[in-house]
Structures are given as C-alpha cells and as structure tokens.
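# sequence first, then the predicted structure, then my questions.
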Amino acid sequence: MSTARDPLGYNDVAVVCPVTVPYQRASERQAHWFFGQALRALVEASGVRKEDIDGLACSSFTLGADTTIALTEHFDMSPRWIEWLPTGGASGVMALRRAARAIQCGDASIVACIAADTANSQTFAKLVSNFSRFSDEAILPQGKAGPNGVFALITDNYMRRFGAVREDFGRIAVAQRANAADNSNALLGDKPLDMESYLSAPPIVTPIHKFDCVMPCAGAEAFLVMSTERARELGLRQARVMGAIERHNAYFADPVAIRGGWAVDADALWAQAGITPADVDCLQTYDDYPVICAMQIEDLGFCGKGEAPAFLRARDLSVTGDFPHNTCGGQLSCGQAGAAGGFLPVVEALRQVTGQPLGAQVPGARIALASGYGMVTYDRCLATGALLLESVQ
C-alpha cells in the first residue's frame with residue numbers, strides 16, 4: 001500500500017469528446033499532421049472554438065525535435081498551460097491527471113490531450129535505435145533485440161514462475177481480435193484469429209510469437225478535459241474521474257519484472273473511487289504484449305499475483321462477456337500508433353462509459369478502468385498509471 005497522503009479528489013472535472021484519427025498502416029505525413037487532425041476533430045466534436053482551448057497536453061515519439069510548445073506555433077494557439085509527456089504507454093493516464101489538476105486549480109479552462117505518431121519504413125527502426133541514452137550506450141552494443149527481446153524475457157520469466165502457458169496469453173489475443181470485428185479503426189479487425197492460428201504463428205523471440213506483437217502504424221487519440229459545468233453547457237456526454245494513480249520505476253530491485261507500479265497504489269485507487277474491482281464494467285489495459293495485460297489484471301486487484309492464467313481460463317473477455325477487456329481490440333488488433341497507444345485505453349474507456357464506441361458497446365457500461373505501461377528499458381517499463389471513469393447522467 002502506498003505511504004503517500006490521501007490525494008484530493010477530481011471533483012467538478014469532466015472528460016469529454018473521445019477522438020480517434022483513423023489508423024494507417026504507414027504514412028509519409030509527419031506526426032504534426034495527425035496532431036492537427038485530432039485538434040480539428042476535438043473542436044468539431046465539442047463546439048468550442050480553438051481559441052477557447054487554453055491547455056494542451058501532448059505525447060509523441062516521432063515529432064523529431066518538436067514538443068508541445070512547437071505545436072502551439074504550428075496550430076496558431078496561445079495556451080496558458082502546456083504539458084509534454086514522452087512516456088509512451090502511460091501518457092494517456094498521465095495527461096488526464098495533469099489536465100484535471102489544471103482545471104481544478106484554474107490554470108486552464110479547457111485542455112486538449114492528444115497523442116499522435118506517424119509510421120513509415122524508417123520511423124520504428126530510428127525509434128528503437130535512439131530510444132534513450134541507456135539503450136544506446138549500455139544495451140544496444142550487447143545485441144539487445146528491441147522491445148520484442150525485452151518482453152520475451154518478461155514473458156518467459158512469468159511462464160516459468162507462475163505456470164502460464166501460451167494458451168493463456170492466446171485467450172487475450174483471440175478475444176481482442178473478436179472484439180475488434182465491429183471496429184472500423186482496427187487495422188486487423190477483419191482478420192479473424194482463433195486459438196489454433198495463434199498457437200501455430202511463427203516465433204519472433206521465443207516465447208513470443210507473431211500474434212503476441214503489435215503492428216506499428218500511424219494515427220492519433222485525443223480527448224478534452226474541462227469543468228463539469230462547462231460540459232453541461234455545451235451539451236456534451238461526459239465522464240468523471242473517480243480516482244487515478246501513477247508510479248514510476250517501481251520495484252526496480254526485482255531481477256525481472258513480474259509486477260508494476262499499479263501494485264503499489266491499487267488500494268489507493270479503489271479507496272479514492274469508493275468501489276471494488278467487482279464494480280468495474282470493462283477494463284482497458286495497455287497491451288503491447290499479452291503478458292503485460294496479465295500483470296495489470298493482477299496488480300490492479302482483479303486476482304492475486306500469479307493467478308491471471310487461472311483467471312483468464314475462467315472468464316469471457318469479449319464485449320458481452322463477464323469480463324469485457326480491451327473492447328475495441330486494443331493495440332493487438334487496432335495497431336500501435338506510437339504514443340497514441342498509451343492514450344487508447346483512456347479513449348476507449350471514455351467511449352464505453354459515454355456510449356460512443358467505434359465498435360461494440362459493453363451493455364450497461366457505467367464504470368471503466370484504463371491503465372497504462374510505458375518507457376521500456378532493459379527488462380521493464382518505467383511508467384505505470386491507472387484511472388477509473390464513471391459516466392455522468
């Protein structure tokens with residue numbers, strides 16, 4: 001349990017206007033274009049003027065030397081509050097937390113939270129080869145196999161330690177592909193996946209095989225944060241933040257990651273919200289690899305450590321099942337649009353509780369949990385976060 005003092009609640013803050021810029025397998029457009037498309041969509045969906053957006057929080061891997069401050073010039077904006085979040089898979093939760101506090105403190109009245117990236121034959125290789133100074137100087141010279149190698153290490157260790165088998169991870173991938181069937185934005189949604197195909201797929205880095213890996217692509221995810229009063233005035237469907245946590249470089253002494261920062265602060269998350277895991281209608285986890293989904297299910301309190309394999313065997317992860325998980329298909333079926341993958345769980349959670357899904361709707365969804373995991377180093381990611389959203393009637 002965390003030793004931090006109890007945080008202030010997120011009262012009177014609304015999250016609105018889930019936006020997805022359609023994913024593309026590859027694009028020669030710069031990331032800036034995808035940011036611009038997301039900003040345009042937020043303005044059109046909300047009915048506010050661009051000039052009314054006085055806060056901007058952004059995340060990206062392919063903006064080159066540019067950050068949020070440079071985007072203000074590209075888009076002729078003059079915000080009084082900005083945030084730059086180069087934290088990948090955790091950036092969506094982090095953006096929402098910071099934007100909510102800016103609204104509460106009066107530092108901004110409407111914050112646009114956007115993550116976007118482009119993808120072509122050069123971008124991913126360039127990203128992997130220049131991800132961090134640690135990677136460049138300490139890991140790449142030793143023959144590190146990129147993120148596939150890191151997560152193969154984590155997956156192999158998890159399987160040996162807790163008795164998981166490939167079919168357990170296959171349940172995640174197969175269910176998410178079925179969930180993606182009605183999502184027009186899922187690049188693999190029209191390609192059904194069954195367990196036989198999952199198990200017979202070629203190995204990438206043992207024990208990781210083809211369908212354990214995400215497909216890089218281009219696209220953007222975004223949402224707006226404002227006061228509940230402003231959202232009501234605009235007639236927008238809104239969600240409130242019941243609770244939120246983040247933690248960085250947790251359990252750094254573990255030889256290989258078997259848990260993340262969620263385990264440190266999960267009790268605080270549920271206490272903030274005043275609910276239990278049984279009250280959640282759908283779970284949206286960061287899913288760059290299935291083993292990380294299993295870790296989040298455990299560390300967020302849905303089952304005990306090492307119990308995810310049995311939990312997955314007993315549950316139906318489909319949109320209409322008893323444990324709806326990654327209901328849009330997640331990155332394993334939609335594709336990984338760079339840093340936008342870190343926003344995807346938050347955007348999908350917002351879509352579900354406000355009744356605006358791109359694919360199938362979870363029946364009666366009122367409370368959704370979104371979690372993130374980002375910034376991979378040698379044997380783990382450094383950033384973790386999670387939040388609970390509830391529909392506002």
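It's in. Since the model is a prediction, treat every value here as computed from it, not as a measurement.

# low-confidence stretches in the protein?
Scanning the chain for pLDDT under 70 picks out the ranges 1-5, 121-145.

# quick check: which element contains the residue nearest the centre of it?
When CA atoms, centre = their mean is applied to the chain, the residue found nearest the centroid is Gly342 (3.3 Å). Gly342 is part of helix 340-353, with elements assigned from DSSP states H and E.

# helix or strand right after that helix?
Helix 340-353 is succeeded, C-terminally, by strand 367-376 (DSSP H and E).

# which strands and helices lie in contact with that following strand?
If you count contacts as 3 or more CB pairs under 8 Å, 6 or more residues apart in numbering; DSSP states H and E, strand 367-376 packs onto helix 91-105, helix 146-162, strand 282-284, helix 290-299, helix 340-353, strand 381-392. In short, each C-beta sits where N, CA and C put it, glycine included.

# partner strands of it, parallel or antiparallel?
Sheet pairing for strand 367-376, assigned by DSSP bridges, gives strand 282-284 (parallel), strand 381-392 (antiparallel).

# switch those strands over to JSON lines; also include mean neighbour count and distance to Arg259.
Shown next, in JSON lines, are these (neighbours: other CB atoms under 10 Å; distance: least, CB to CB, whole Å):
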{"stretch": "strand 282-284", "mean neighbour count": "25", "distance to Arg259": "17"}
{"stretch": "strand 381-392", "mean neighbour count": "26", "distance to Arg259": "10"}
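
# now tabulate those in JSON lines and tack on distance to Val362.
JSON lines is the format used below for the strands paired with strand 367-376 (distance: least, CB to CB, whole Å):
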{"stretch": "strand 282-284", "distance to Val362": "5"}
{"stretch": "strand 381-392", "distance to Val362": "11"}
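
# got the buried residues for the helix holding Gly342?
Residues 340-353 are the ones in helix 340-353 that count as buried (16 or more other CB atoms under 10 Å).

# how about stretch 11-20?
By neighbour count on 16+ other CB under 10 Å, the buried set for stretch 11-20 is 13-20.

# would you check which pair of these lies furthest apart?
Between any two of these, the greatest separation by CB to CB is 22.0 Å, found for Val13 and Thr20.

# how about the strands in the stretch 101-250 of the chain?
Taking DSSP state E, counting those that start in this stretch, the strands of the stretch 101-250 of the chain run over residues 110-117, 203-205, 208-209, 218-227, 238-248.

# deepest-packed of those, please.
Among the strands of the stretch 101-250 of the chain, strand 110-117 has the highest mean neighbour count (mean count of other CB atoms under 10 Å), at a mean of 30.

# just want the angle from it to helix 91-105.
170 degrees (axes from the mean of the first three to the mean of the last three CA atoms, to 10 degrees).

# sheet partners, orientation included, of strand 110-117?
The strands beside strand 110-117 in its sheet (DSSP bridges) come out as strand 55-59 (parallel), strand 218-227 (antiparallel).

# gap between the residue nearest to the centre of the chain and Ser78?
The gap separating Gly342 from Ser78 is 27 Å, by CB to CB, to the nearest Å.

# with just CA atoms, put the helix holding Gly342 into PDB.
The C-alpha coordinates for helix 340-353 follow below in PDB (Å, rounded to 0.1, in the frame of the first residue of the first chain):
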ATOM      1  CA  ALA A 340      -1.300   7.100 -29.200                       C
ATOM      2  CA  GLY A 341      -1.300   3.500 -28.000                       C
ATOM      3  CA  GLY A 342      -0.800   5.000 -24.500                       C
ATOM      4  CA  PHE A 343      -4.000   7.000 -25.000                       C
ATOM      5  CA  LEU A 344      -6.000   4.200 -26.400                       C
ATOM      6  CA  PRO A 345      -7.100   2.600 -23.100                       C
ATOM      7  CA  VAL A 346      -8.300   6.000 -21.800                       C
ATOM      8  CA  VAL A 347     -10.100   7.000 -25.000                       C
ATOM      9  CA  GLU A 348     -11.800   3.500 -25.200                       C
ATOM     10  CA  ALA A 349     -12.800   3.700 -21.500                       C
ATOM     11  CA  LEU A 350     -14.300   7.200 -22.200                       C
ATOM     12  CA  ARG A 351     -16.100   5.800 -25.300                       C
ATOM     13  CA  GLN A 352     -17.700   3.000 -23.400                       C
ATOM     14  CA  VAL A 353     -19.000   4.900 -20.400                       C
END
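
# got the angle for it vs strand 381-392?
Going by the same axes, to 10 degrees, helix 340-353 is angled at 20 degrees with respect to strand 381-392.

# ok, and for stretch 81-95, which residues are buried?
Neighbour-count burial for stretch 81-95 flags 81-85, 87-95 (criterion: 16+ other CB under 10 Å).

# what residues are up against the closest residue to Pro357 other than its chain neighbours?
Leaving aside its chain neighbours, Pro357 sits nearest to Arg351 (4.7 Å; criterion: CB to CB, 6 or more residues apart in numbering). Each residue near Arg351 by CB atoms under 8 Å, 6 or more residues apart in numbering is listed here: 18, 328, 357-358.

# just the C-alphas of the helix or strand Ser333 falls within, formatted as CSV.
Using DSSP H and E, Ser333 sits in helix 330-334. Below are the C-alpha coordinates for helix 330-334, written out as CSV (Å, rounded to 0.1, in the frame of the first residue of the first chain):
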residue,chain,number,x,y,z
GLY,A,330,-6.6,-3.0,-28.2
GLN,A,331,-3.3,-2.4,-29.9
LEU,A,332,-3.0,-6.1,-30.7
SER,A,333,-5.9,-5.7,-33.2
CYS,A,334,-6.0,-2.0,-33.9
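
# check which helices and strands it sits against.
Applying 3+ CB pairs under 8 Å, 6+ apart, one finds that helix 330-334 contacts helix 166-179, helix 340-353.

# 10 Å - rerun?
Judged by 3 or more CB pairs under 10 Å, 6 or more residues apart in numbering; DSSP states H and E, the packing partners of helix 330-334 are helix 166-179, helix 290-299, helix 340-353.

# in CSV: the ones you listed, plus distance to Glu233.
Formatted as CSV, the helices and strands packed on helix 330-334 follow (distance: least, CB to CB, whole Å):
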stretch, distance to Glu233
helix 166-179, 35
helix 290-299, 36
helix 340-353, 19
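
# quick one: which of the ones you listed is nearest Cys217?
With CB to CB as the measure, helix 340-353 is the member of the helices and strands packed on helix 330-334 nearest Cys217 (9.1 Å).
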